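Visitor: only geometry, no sequence info:
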């Protein structure tokens, strides 16, 4: 049979629509969507015939193909995945997992009317900051606080509020770039401030800041290098010295802390990361940090500090454009309440639990996961491998966190092919290829059954 005759064997859209099984699909998905799926499938079949020269598929197979196409198109764009990448707070995978309490709070706020900006005592308009401000003050020790939608917004708002049209002094070694090529100098320019660089990449002294201060200076900014390290021949003034200089000159000292650590992680074998509480105690007037990095909450930018400076920030009309919604505030409040008992926070907040998890516990999970994978993939060579994980989200850079991975070799698929196959599962499993080996890191896996392949 020649190509034109093969093409004539394709069923018409109308014929397929009148098949009983397809008519039932129209009742569920709507006639327009089913018609579009049929046209798309017929076009695919036409191209296959043109390229392969083989006949059209049997008519009785069309309903199943149409149903599969409709089901695939109906899948949410934002889907649950299993994080076996070896990066705990993976930016591309949504960073921090919410604690169950925070997830419930967000869901309940999203499904109901809430007192977002309504004072229940006075029966009048309220301030959404009131929902978390007192809690932030208790947890961090700050006199005042406000919340916006991410830390870049927090830095933008603080700079615009306190130093618009004036110079901001920053060490050259702190002109950071965060994910997505967002750079501190660009954020500063958008805030209406002029950048005044001091020192060098690796060494900046107190006298450098002192010499840079003039009548146009609006603020001194320290940016914590949370996503990289400058090591070797380095120098930087002590935080208290810089705070004293700012105070003596009547300037605010702002610190972009980035990762937002509220708990000292050194007892768990991790390096020192300055906490929000320490930074405030060292004299910072304003501290900004993320809600979804090491804090382990929802995406948010938190600004804490002295009441007079925060009052100026809160009066900025730009704050309305950067404000958070009710679900974010609900999740943040629930997360912060966990920090009122730090030991409980370590257990309850997934990011902290995964960061501090003992390797022995991870190995037990890996052994059970390997057994599940051997059952599901009998042809593959599956072994355990000592590995290292990373904190992710620009936190604890270059810190190797001991972990255990399940390494998989397939006679049919390359390491990259295995990675693609696992990504294509009903619930995608995200591993990584390293040293020509596909591996599933188990540090963030709580339930070994979650790595069972389901197509």
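Guide: Yes, it's here. Being a predicted model, the structure only gives us computed values, none of them experimental.
Visitor: let's see the pLDDT reported for the residue nearest in space to the middle of the chain.
Guide: In the chain, the residue lying closest to the centroid (Cα atoms, centre = their mean) is residue 95, at 2.6 Å. According to the per-residue confidence, residue 95 scores 92 in pLDDT.
Visitor: use 2 as the first number from now on
Guide: Okay, using 2 as the starting number, the last item reads as residue 96.
Visitor: verify the contact between it and residue 396 for me.
Guide: No: using Cβ atoms under 8 Å, residue 96 makes no contact with residue 396, being 9.8 Å away. (Each C-beta comes from the backbone N, C-alpha and C, glycine too.)
Visitor: shared neighbours, these two?
Guide: Counting by Cβ atoms under 8 Å, 6 or more residues apart in numbering, the shared contacts of residue 96 and residue 396 are 90, 294.
Visitor: worst-scoring helix or strand of the chain, pLDDT-wise?
Guide: Lowest on mean pLDDT, DSSP states H and E among the helices and strands of the chain sits strand 178-179, with a mean of 66.
Visitor: wasn't residue 341 part of a helix?
Guide: No: counting by DSSP: H, G, I helix; E, B strand; the rest coil, one finds residue 341 to be coil, located in no helix.
Visitor: quick one: contacts for it?
Guide: 139, 140.
Visitor: that one and residue 66: what is the separation?
Guide: Using Cβ to Cβ, to the nearest Å, we find residue 341 at a distance of 55 Å from residue 66.
Visitor: residue 210 too?
Guide: Per Cβ to Cβ, residue 210 is found 68 Å from residue 66.
Visitor: which one's more surrounded, those two?
Guide: A count of neighbours by other Cβ atoms under 10 Å puts residue 210 above the other of residue 210 and residue 66, at 26 against 16.
Visitor: now do the SS call for the more buried one.
Guide: Taking three-state DSSP, the label given to residue 210 is helix.
Visitor: hmm, residue 170 and it touching each other?
Guide: Yes: using Cβ under 8 Å, residue 210 is in contact with residue 170, at 5.8 Å.
Visitor: shared neighbours of the two, which are they?
Guide: 199, 221.
Visitor: domain boundaries for this protein, per the record?
Guide: 4-75, 83-90+355-452, 98-349 (automatic domain parsing).
Visitor: quick one: buried residues of the longest helix along the chain?
Guide: If you go by DSSP state H, the chain has its longest helix at helix 32-53. Across helix 32-53, burial judged by 16 or more other Cβ atoms under 10 Å covers 34, 35, 36, 37, 38, 39, 42, 43, 46, 50.
Visitor: give me the neighbour count for residue 86.
Guide: Residue 86, neighbours per other Cβ under 10 Å, totals 22.
Visitor: ditto for residue 444
Guide: With other Cβ under 10 Å as criterion, residue 444 counts 27.
Visitor: show me the contacts for it.
Guide: So residue 444 contacts 87, 89, 355, 358, 363, 390, 402, 404, 405 (Cβ under 8 Å, 6+ apart).
Visitor: what about these, which are in strands?
Guide: 390, 402, 404, 405 (DSSP state E).
Visitor: could you give the bridge partners of the second one?
Guide: Under DSSP bridges, the beta-bridge partners of residue 402 are residue 390.
Visitor: okay, now the unreliable bits of this structure?
Guide: Within the chain, the segments meeting pLDDT under 70 span 2, 178-183, 227-234.
Visitor: how about a cut-off of 50?
Guide: For the chain, no stretch is flagged by pLDDT under 50.
Visitor: after the helix or strand where residue 281 lies, which helix or strand is next? Please name it.
Guide: Using DSSP states H and E, residue 281 maps to helix 277-282. Downstream of helix 277-282, the next assigned helix or strand under DSSP H and E is strand 287-291.
Visitor: which residues are contacting that following strand?
Guide: 141, 143, 151-152, 155-156, 159, 163, 253-261, 277, 280-281, 296, 300-307, 310-311, 314, 394.
Visitor: restricted to strands, list these.
Guide: Checking the contacts of strand 287-291 against DSSP E, those in strands are 254, 255, 256, 257, 258, 259, 302, 303, 304, 305, 306.
Visitor: closest to residue 435 among those?
Guide: For the ones in strands among the contacts of strand 287-291, the minimum distance to residue 435 (Cβ to Cβ) is 26.7 Å, reached by residue 259.
Visitor: ok, the closest one touching residue 225?
Guide: Yes: the pair residue 259 / residue 225 is scored as a contact, 5.2 Å apart, by Cβ under 8 Å.
Visitor: more neighbours, the two?
Guide: Between residue 259 and residue 225, counted using other Cβ under 10 Å, residue 259 has the larger neighbour count: 25 against 19.
Visitor: hey, what's that one bridged with?
Guide: residue 290.
Visitor: just the helices in the stretch 302-451 of the chain please.
Guide: Remark: helices assigned in the stretch 302-451 of the chain by DSSP state H, counting those that start in this stretch are 308-316, 319-322, 327-339, 343-349, 351-357, 360-377, 416-424.
Visitor: residues near residue 100, how many?
Guide: 25.
Visitor: show me the contacts for it.
Guide: 297, 335, 336, 339, 349, 350, 351.
Visitor: outside of stretch 146-157 itself, list whatever touches it.
Guide: 130, 133-134, 137-138, 158, 179, 183, 185, 188, 191-192, 257, 259, 261, 289-292, 300-306, 311, 314-315, 319-320, 323-325, 329-330, 333.
Visitor: got it, and stretch 45-61?
Guide: Taking Cβ under 8 Å, 6+ apart as the rule, stretch 45-61 contacts 2, 4, 7, 8, 10, 11, 12, 20, 66.
Visitor: what do you get if the cut-off is 7 Å, keeping everything else the same?
Guide: Under the contact criterion Cβ atoms under 7 Å, 6 or more residues apart in numbering, stretch 45-61 has outside partners 2, 4, 7, 8, 10, 11, 12.
Visitor: then stretch 236-254?
Guide: So stretch 236-254 is in contact with 163, 172, 204-207, 210-211, 214, 218, 220-221, 223, 283-287, 310, going by Cβ under 7 Å, 6+ apart.
Visitor: out of those residues, which are buried?
Guide: 163, 172, 205-207, 210, 214, 218, 220-221, 223, 283-287, 310.
Visitor: neighbours around residue 308, how many?
Guide: 12.
Visitor: quick one, what contacts it?
Guide: Per Cβ under 7 Å, 6+ apart, neighbours of residue 308: 144, 145.
Visitor: quick one: it from residue 148, how far?
Guide: Counting by Cβ to Cβ - residue 308 and residue 148 are separated by 16 Å.
Visitor: give me the neighbour count for residue 339.
Guide: Residue 339: 21 neighbours (other Cβ under 10 Å).
Visitor: ok, the one 3 residues further on next?
Guide: Burial of residue 342, expressed as a neighbour count using other Cβ under 10 Å, amounts to 11.
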